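1. What follows is a protein structure lacking sequence information:
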């Protein structure tokens, strides 16, 4: 796997705070490139606790083959990602080009690709092991 490729984190309104920020910050701490992708670039999206994040790219600008992995957090944003055709196409194209797919809690509902390399966690209690699995997938 090309570890110089970034990990895409898909986000929308109502994302679960810890499930987004903990992996994002751990990946950055380990020097792994991360791109936050949402429906629109440069828009502020708020978490369940109203913590803001500004997307690096809009889904229309993102190229699935450019990513080593795609990560979907839980929370209300997972429902949007599961139902948004452009997000679903991005996930499928990334898996087809060899990317791993990662999800936490409700984020698993947004990953509908069969036979893909998946990393899953049931919830926030699993975050340390989840991040270890992310790092292993990037080696």
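-> Arrived safely. Predicted model only: the values in this text are computed from it and were never measured.
2. where does the residue nearest to the spatial centre of the chain land on pLDDT?
-> With distances taken as CA atoms, centre = their mean, the chain has residue 71 as the residue nearest its mean C-alpha position (2.2 Å). According to the model's per-residue confidence, residue 71 sits at a pLDDT of 97.
3. element containing the residue lying closest to it once chain neighbours are set aside, please.
-> Leaving aside its sequence neighbours, residue 71 sits nearest to residue 102 (CB to CB, 6 or more residues apart in numbering; 4.3 Å). In this view, the C-beta of every residue, glycine as well, is placed from N, C-alpha and C. For residue 102, the enclosing helix or strand under DSSP states H and E is strand 100-104.
4. so who does the residue nearest to residue 122 when sequence neighbours are not counted touch?
-> Spatially, and ignoring its direct neighbours in sequence, residue 122 is nearest to residue 105 (6.4 Å; CB to CB, 6+ apart). For residue 105, the set of contacting residues under the criterion of CB atoms under 8 Å, 6 or more residues apart in numbering consists of 16, 19, 73, 74, 75, 78, 121, 122, 123.
5. Which one of the residues you listed is nearest to residue 138?
-> For these, the closest approach to residue 138 (CB to CB) belongs to residue 121, at 16.2 Å.
6. ok, that closest one - contacts?
-> Going by CB under 8 Å, 6+ apart, the list of residues near residue 121 reads 103, 104, 105, 127, 129, 130.
7. Check residue 126 too.
-> Contacts of residue 126 by CB under 8 Å, 6+ apart are residue 104.
8. could you pull out the strands for the protein?
-> Shown for the chain, the strands assigned by DSSP state E span residues 7-10, 34-38, 44-46, 52-54, 57-58, 69-72, 100-104, 118-121.
9. most tightly surrounded among those strands?
-> Scoring these by mean neighbour count under mean count of other CB atoms under 10 Å gives strand 69-72 as the most buried, with a mean of 28.
10. That one: partners in the sheet, and parallel or antiparallel?
-> Strand 69-72 pairs in its sheet with strand 7-10 (parallel), strand 100-104 (parallel), by DSSP bridges.
11. In CSV: these, plus mean pLDDT and distance to residue 47.
-> Listed next are those as CSV, based on pLDDT from 0 to 100; distance: least, CB to CB, whole Å:
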stretch, mean pLDDT, distance to residue 47
strand 7-10, 98, 13
strand 100-104, 97, 13
